[in-house]
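*Asks:* the following comprises the amino acid sequence and a computationally predicted model.
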Amino acid sequence: MLRARDAMDRAYAQPLDVPDLARIAHVSPAHFSRTFRATFGETPHRYLQRRRVERAMFLLRETDRSVTDICFDVGFGSPGTFSRTFRDIVGRSPREYRKQAVAVDVPTCFTMAWLRPGA
């Protein structure tokens, strides 16, 4: 499970599906989905979405790139899906988040812990 989660962390912007991740973990797709959720508290799909949103949050805070560019860069296929998922996880739209977010001049590990979206 850790190998598959690490692969998701490294390649979050790539198209990843359960069969590919199950092969990394050397288990069947059904077993992978059940075990991943039991181990990490969320489905593989939701974990990947949250990981992508975390990266998007960083890009929204630290760059002036468009929301659409960020959407595609972090692995979402459409701006609508990105905005809906972002709002679901963070509680506000990407544009609202960008307006309210302030780049913080503290170590990255603290920033990640403080700004990590809820599961």
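*Replies:* Structure received.
*Asks:* what's the burial count for A30?
*Replies:* A30 has 10 neighbours, counted by other Cβ atoms under 10 Å. To be clear about C-beta, it is placed using only N, CA and C from the backbone, and glycine gets the same treatment.
*Asks:* who's in contact with the residue nearest the centre of the chain?
*Replies:* Of all residues in the chain, the one closest to the mean position by Cα atoms, centre = their mean is R51, 1.9 Å from it. The neighbourhood of R51, defined by Cβ atoms under 8 Å, 6 or more residues apart in numbering, consists of 8-9, 12.
*Asks:* check L21 too.
*Replies:* 4, 7-8, 32, 36, 44.
*Asks:* recalculate using a threshold of 7 Å.
*Replies:* 4, 7-8, 32, 44 (Cβ atoms under 7 Å, 6 or more residues apart in numbering).
*Asks:* which ones among those lie within helices?
*Replies:* Secondary structure defined by DSSP state H assigns 4, 7-8, 32, 44 of those to helices.
*Asks:* may I see these arranged in JSON lines, with neighbour count as well?
*Replies:* As requested, those are arranged in JSON lines below (neighbours: other Cβ atoms under 10 Å):
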{"residue": "A4", "neighbour count": "24"}
{"residue": "A7", "neighbour count": "16"}
{"residue": "M8", "neighbour count": "19"}
{"residue": "F32", "neighbour count": "22"}
{"residue": "P44", "neighbour count": "24"}
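*Asks:* out of those residues, who's nearest M57?
*Replies:* Nearest to M57 among the ones in helices among the contacts of L21 is M8, at 16.9 Å by Cβ to Cβ.
*Asks:* my guess is the closest one contacts Y47. True?
*Replies:* Yes: if you go by Cβ atoms under 7 Å, M8 and Y47 touch, sitting 6.3 Å apart.
*Asks:* buried ones in stretch 68-79, by neighbour count?
*Replies:* Judged by neighbour count using 16 or more other Cβ atoms under 10 Å, the buried positions of stretch 68-79 are 70-71, 74-76, 79.
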